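K.L.:
sequence first, predicted coordinates after that:
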Amino acid sequence: MTTVTDTMEHVDGHHDHHDHHADHKMTGIKRWLLTTNHKDIGTLYLWFSFIMLLTGGAMAMVIRAELFQPGLQIVEPDFFNQMTTVHGLIMVFGAIMPAFTGLANWMIPMMIGAPDMALPRLNNWSFWILPFAFGILLASLFMEGGGPNFGWTFYAPLSTTYSNGSTAFFVFAVHIMGISSIMGAINIIVTIMNMRAPGMTYMKMPLFVWTFFITAYLLIAVMPVLAGTVTMVLTDTYFGTSFFDAAGGGDPVLFQHIFWFFGHPEVYIMILPAFGIVSTTIPAFCRKPLFGYSSMVYATASIAFLSFIVWAHHMFTTGMPLAGELFFMYCTMLIAVPTGVKVFNWVATMWRGAISFETPMLFSIAFVILFTIGGFSGLMLAMTPVDFQYHDTYFVVAHFHYVLVTGSLFSIFAAVYYWLPKWTGHMYDEKLGKLHFWCSMISVNVLFFPMHFLGLAGMPRRIPDYALQFADFNKWVSIGGFAFGLSQLIFLALVIKCIRAGKQAEAKSWEGAEGLEWTVASPAPYHTFATPPKVD
Amino acid sequence: MKRRNLSWLMLGSLFSSAAWADMQLNMTKGVTDISQEVFGLHMLVMWICTVIGIVVFGAMFWSMIFHRKSKGVKPATFHESTKVEILWTAIPILILIGMAWPATKTLIAMENNDNSDITIQVTGSQWKWHYKYFDSDIEFYSVLTTPRDQFDNRDGSYVTKGENYLLEVDKHLVIPVNKKVRFLITSDDVIHSWWVPDFAVKQDANPGFINEAWTKVNEPGIYRGQCAELCGKDHGYMPVVVEVKSEQDYALWIDEQKMALEQAKLAEQESVGATMSMEELMTLGSETYTAYCAACHQPNGMGLPPAFPALKGSPMVTQDKAAHIDIVLNGKAGTSMAGFGKQLNLKQLAAVITYERNAWGNDTGEMVQPADVNALSPAPQSAAVNAKDASDAAATEQATNDKIETVALVQEKSESAASVSEPATMEQLMSEGEQVYIAKCAACHQANGAGLPPAFPALKGSAMVTEDIPAHIEMVKNGKPGTAMLGFKDQLNAREMAAVITYERNAWGNDTGELVQASDIDAKKE
């Protein structure tokens, strides 16, 4: 792996540089609106995603309150559907993806020894269009007829012929999110290809950088497909085309093929960076290098490749021919191989290390265990004959929340705790961090684990009310949900506390931390690596 | 306190596999061979995952306990091994092959739709299922029957929920046990998904396309499922209920349905001429509205605009009567408004339209009678009296045709004689005929041949079974269009038909003394 030869002299040098340039930073709101600095933009992305996490979380609370007991107590079914739809869209496009882009912005230049992202103005734009996208989406909830109510997967013709008036707002919002993601991805690729410090070959890059590099390619490949899909939905709804309408020669299943050709790589877009994060944190807190660096790179690339040829496993019940079902079943099962390699490598990294359990490590360990549970249910879902029973039930809901909440979101928490000292210059409150971890860890399992049982017992997803045999578990799930939601307020308090005060962080804040970012001061100066460091 | 004990019990039951089935923590084993195979596969993968989980998490916890910094351990420095990487790539591949093999076999069996005994078309629409039996005229909608006040508790009301809350419908789909039933699944509007967990059948209903699925159920019973694909507002309120009956019960049920169908048809014809009072119309209208319209247009007629417009004060229901009847009968393309012409009878339609025109202060004072609806219906009923005349005329015409064909019959007889078995005696035919009659005919024409007139005419003393033989044969083989009399040529072979015709011509004092042989049946080709 990367060996850093940068010395403290280098760092002091940069520090001087920073002071020299410090005057160029604008003040007040202009600093944030007009900024082209990767650290500022990273910060904006991270705060934005946290606000979205709370917004989408509030919607999840509405869902869980309604499902607390059988019967309709709080909302009517159409509003319930709007909640599930917008919750999904916000969490995917507003919380998880921008959080990863924020981390990429903050960390990639510092990890590869670059002074900034390659395309700073594009970077500014790709962030600042996001609030408008979500503004449009959220505003549609308050319009006559309400917001999108057809599920985040917006299957035609429910989203076209049979939609309420919100489809246009939804489509434009998704277009803007897509443009933002594509620009962000281009920026990441250009930065990584052109701005690595001298001596940092591809196979010396930190694995974190590798996973974002591959993720960015996935984004560029599939976001245009999503844009095409929503455009077809738009024209089917408002301009009389029939892409997805059999009466006009189209096919509603075509929609699903196109959507999931985007949708499956999309779920890897949300998990590959998480692999990068825990591949950084686990070695740091085991004080031992990552096991099998190159096999990790190859496994990430294999997963990315496989993600393009498994999309129809979301569609086993649509009436696919046998040959199609077999092909997609086999390919999907194959994904378990590179994913397994990654998990085994993390375990091998921990094996005979000298482990300590700071909050980032706790979240990383929880990630490995709970993501693996999500992987197991994924393997079960891959088996076509059994998928006929699991499909569109709470078993699927449990599966993707294990992967996305205890997977992606937990990895983001790990990353924030790990780099918070570098960003703020203060150590966070470890007690509060551990409290946040244990509250989250326990409540998230009360929240999502019983969903497996609900799904196996036959509860379909996206229903506002349910038969009586599902009542007990739904109550547990709701209680877990409220507790998990409240636990995130601890995190908010911790971050604010850490920004305002705390023990001064050292340049290398963690004993086992490795990488160029730990060679600069904490907090990281506004400009870093104006002169590139040298890497062996 | 009791509740908490229950929770612990449930936690405990996680570890005893016997309890799993009872508590519905696990997938159902179901009642078909396929569903049991699927359950087996599910358990196989789950155990494989459990074992892998124990190994991997075990190693992790071992390191967390024994390789921690606080114990003063020095970290090792190893960080790669190609051998190990190859090993933990190869072993999972072998495990996966072990899983894929049985999964493939089950999948191939599931996708084999050949050689079905019965075919039923399943059509989803917002938010109910429609079933149509291909080998008979039986078709019906199946609609949720859970009363609205049981699930709509937003005003804080609470009504005790029934045992099958949200999983109960007015008409069950009925299928026979031990028969391969093929489902042709499609949709009228958005995508739905027809799912019965106990059969391990879940198949999407795509508008404009037909999907196939099949099941062969081993145990009679009532099996409940739900729509599994988000299909709009009331996705949670379109259950699937399948009742599996023994073969005899199923045959009886089919006959009952046919009888009911015939009676409904007669009632429909009668209601064309009926004049209902305002009171009658409003009462029936209110019931119908609550059952079929209130989910979208709301009990108070305020709707849920813009998707589901208000009816209160709407020009649609206060002005042009014909337009109002048309939208209720045929729906409005490109919206969620379905046509109810097929679902409701004339009286219900007239009543619900009248109700909408007069409820919630709409007060047009106008009445709509069944005849008004009938006039605008795409398949209008003729009045009852006329219908009877028409059917008599048709019978006469048919009889004439048959006489002409008799000549041809004699000629054809010799040609097909080779394929026909030896002539049977009167005794054989009578005893076989009686059995066939009981199984196939008695439900309508009754065991004593007295029938249930006027829908099911008496055979005792009937000209149809005592006079012209070819006309009788023709009637049994091909039925009589426009009546409940079916053709039996696909259900009975030549010998059985010969026997039952002979029986009908000689039982209950008909005593024509005439024998009809299998060769007579075969001879009269289409």
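P.N.:
Here it is on my side, so go on. Numbers count the residues shown, from 1 in each chain, chains lettered A, B, ... in the order given.
K.L.:
report the central residue of the chain.
P.N.:
Using chain A. In chain A, the centroid-proximal residue (Cα atoms, centre = their mean) is A:Ile96; its distance is 3.1 Å.
K.L.:
right idea, wrong chain: chain B
P.N.:
By Cα atoms, centre = their mean, the mean C-alpha position of chain B lies nearest to B:Tyr131, the distance being 3.3 Å.
K.L.:
shaky segments in chain A?
P.N.:
The model of chain A has pLDDT under 70 over residues A:1-24.
K.L.:
now look at the top helix by length along it and say if it contacts chain B.
P.N.:
Ordering each helix of chain A by length in residues (DSSP state H) puts helix A:207-238 first. No: if you take Cβ under 8 Å from any Cβ of the partner chain as the test, helix A:207-238 misses chain B, and the best it gets is 10.3 Å. (Each C-beta comes from the backbone N, C-alpha and C, glycine too.)
K.L.:
quick one: buried residues of stretch B:339-348?
P.N.:
B:Gly339, B:Phe340, B:Gly341, B:Gln343, B:Leu344, B:Asn345, B:Leu346, B:Lys347, B:Gln348 (16 or more other Cβ atoms under 10 Å in any protein chain shown).
K.L.:
likewise stretch A:220-239?
P.N.:
Under 16+ other Cβ under 10 Å, the buried positions of stretch A:220-239 are A:221-223, A:225-227, A:229-230, A:232-234, A:236-237.
K.L.:
could you dump those into TSV and include distance to B:Cys444?
P.N.:
Output for the buried residues of stretch A:220-239, formatted as TSV (distance: Cβ to Cβ, whole Å):
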residue	distance to B:Cys444
A:Ala221	65
A:Val222	62
A:Met223	65
A:Val225	59
A:Leu226	59
A:Ala227	62
A:Thr229	55
A:Val230	57
A:Met232	54
A:Val233	52
A:Leu234	56
A:Asp236	50
A:Thr237	51
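K.L.:
pLDDT value on B:Leu311, please?
P.N.:
What the model reports for B:Leu311 is a pLDDT of 90.
K.L.:
setting aside sequence neighbours, what's the nearest residue to it?
P.N.:
Of all residues not flanking B:Leu311 in the chain, B:Gly301 sits nearest, at 4.5 Å (Cβ to Cβ, 6 or more residues apart in numbering or on different chains).
K.L.:
can you pull the contacts of the residue nearest to the centre of chain B?
P.N.:
Counting by Cβ atoms under 8 Å, 6 or more residues apart in numbering or on different chains, B:Tyr131 makes contact with B:Ile120, B:Gln121, B:Val122, B:Thr123, B:Glu139, B:Phe140, B:Ser142, B:Leu173.
K.L.:
confirm it sits in a strand?
P.N.:
Yes: using DSSP: H, G, I helix; E, B strand; the rest coil, the assignment for B:Tyr131 is a strand.
K.L.:
and the buried residues of stretch A:220-239, which is closest to chain B?
P.N.:
The closest of the buried residues of stretch A:220-239 to chain B turns out to be A:Thr237 (Cβ to the nearest Cβ; 10.3 Å).
K.L.:
and the gap between B:Pro457 and B:Gln491?
P.N.:
Distance of B:Pro457 to B:Gln491, given as Cβ to Cβ, to the nearest Å: 20 Å.
K.L.:
for the two, indicate the residue with more neighbours.
P.N.:
Applying other Cβ atoms under 10 Å in any protein chain shown to B:Pro457 and B:Gln491 shows that B:Pro457 carries more neighbours, namely 18 against 13.
K.L.:
got a list of what that one touches?
P.N.:
With Cβ under 8 Å, 6+ apart, B:Pro457 has these contacts: B:His445, B:Gly451, B:Met464.
K.L.:
let's see it at 6 Å
P.N.:
Neighbouring residues of B:Pro457 by Cβ atoms under 6 Å, 6 or more residues apart in numbering or on different chains: B:Gly451.
K.L.:
about what we covered before: looking at the buried residues of stretch A:220-239, which is nearest B:Val500?
P.N.:
Taking Cβ to Cβ as the measure, B:Val500 lies nearest A:Asp236 of the buried residues of stretch A:220-239, at 56.2 Å.
K.L.:
pretty sure the closest one contacts A:Gly248?
P.N.:
No: counting by Cβ atoms under 6 Å, A:Asp236 stays clear of A:Gly248, with 8.8 Å between them.
K.L.:
quick revisit: need the max-distance pair from the contacts of B:Tyr131.
P.N.:
Across these (Cβ to Cβ), the longest gap, 12.8 Å, separates B:Gln121 and B:Ser142.
K.L.:
the more surrounded of the two?
P.N.:
Comparing B:Gln121 with B:Ser142 by neighbour count (other Cβ under 10 Å), the higher total belongs to B:Ser142, at 20 against 16.
K.L.:
pairing partners for the more buried one in the sheet, please.
P.N.:
B:Ser142 forms beta bridges with B:Trp129, as assigned by DSSP bridges.
K.L.:
elements contacting the longest helix of chain A?
P.N.:
helix A:97-112, helix A:167-194, helix A:252-269, helix A:272-286, helix A:293-306 (3 or more Cβ pairs under 6 Å, 6 or more residues apart in numbering or on different chains; DSSP states H and E).
K.L.:
for the last one, the distance to its chain's centre please.
P.N.:
In terms of Cα atoms, centre = their mean, to the nearest Å, the centre of helix A:293-306 is set 18 Å apart from its chain centre.
K.L.:
check chain B for the residue nearest chain A and tell me.
P.N.:
Residue nearest to chain A within chain B (Cβ to the nearest Cβ): B:Gly208, separated by 2.2 Å.
K.L.:
and that residue, what are its phi and psi?
P.N.:
Main-chain dihedrals, B:Gly208, degrees, to the nearest 10: phi 90, psi 0.
K.L.:
okay, now it: neighbour count?
P.N.:
What B:Gly208 shows, counting by other Cβ under 10 Å, is a neighbour count of 18.
K.L.:
again with the one 4 residues further on
P.N.:
Taking other Cβ under 10 Å as the neighbour definition, B:Glu212 ends up with a count of 14.
K.L.:
leaving aside the residues next to it on the chain, what's closest to residue 254?
P.N.:
Going with chain A. Counting by Cβ to Cβ, 6+ apart, the residue nearest A:Leu254 is A:Phe244, at 6.2 Å.
K.L.:
I was thinking of chain B, sorry if that wasn't clear
P.N.:
Nearest to B:Ile254 is B:Ser136, by Cβ to Cβ, 6+ apart, at 6.4 Å.
K.L.:
likewise A:Asn345?
P.N.:
Nearest non-adjacent residue to A:Asn345, counting by Cβ to Cβ, 6+ apart: A:Gly292, 4.4 Å away.
K.L.:
quick revisit: what's the closest of the contacts of B:Tyr131 to B:Thr89?
P.N.:
Lowest distance from B:Thr89 to these (Cβ to Cβ) belongs to B:Val122, with 44.8 Å.
K.L.:
export the host helix or strand of that closest one as CSV, just CAs?
P.N.:
Taking DSSP states H and E as the criterion, B:Val122 maps to strand B:118-125. Listed next in CSV are the C-alpha coordinates belonging to strand B:118-125 (Å, rounded to 0.1, in the frame of the first residue of the first chain):
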residue,chain,number,x,y,z
ILE,B,118,-58.5,-25.8,-16.1
THR,B,119,-57.6,-22.3,-17.3
ILE,B,120,-58.7,-19.2,-15.4
GLN,B,121,-58.1,-15.7,-16.5
VAL,B,122,-57.1,-13.4,-13.7
THR,B,123,-57.4,-9.7,-14.4
GLY,B,124,-56.3,-7.0,-12.0
SER,B,125,-57.9,-3.6,-11.9
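K.L.:
for it, packing partners?
P.N.:
strand B:128-133, strand B:181-187.
K.L.:
10 Å instead?
P.N.:
strand B:128-133, strand B:139-142, strand B:173-176, strand B:181-187, strand B:192-196, strand B:201-205, strand B:211-215 (3 or more Cβ pairs under 10 Å, 6 or more residues apart in numbering or on different chains; DSSP states H and E).
K.L.:
angle of the longest one against strand B:211-215?
P.N.:
When you say that, I think you mean strand B:181-187. Angle between the axes of strand B:181-187 and strand B:211-215 is 150 degrees (criterion: axes from the mean of the first three to the mean of the last three Cα atoms, to 10 degrees).
K.L.:
kind regards, and thank you for your time.
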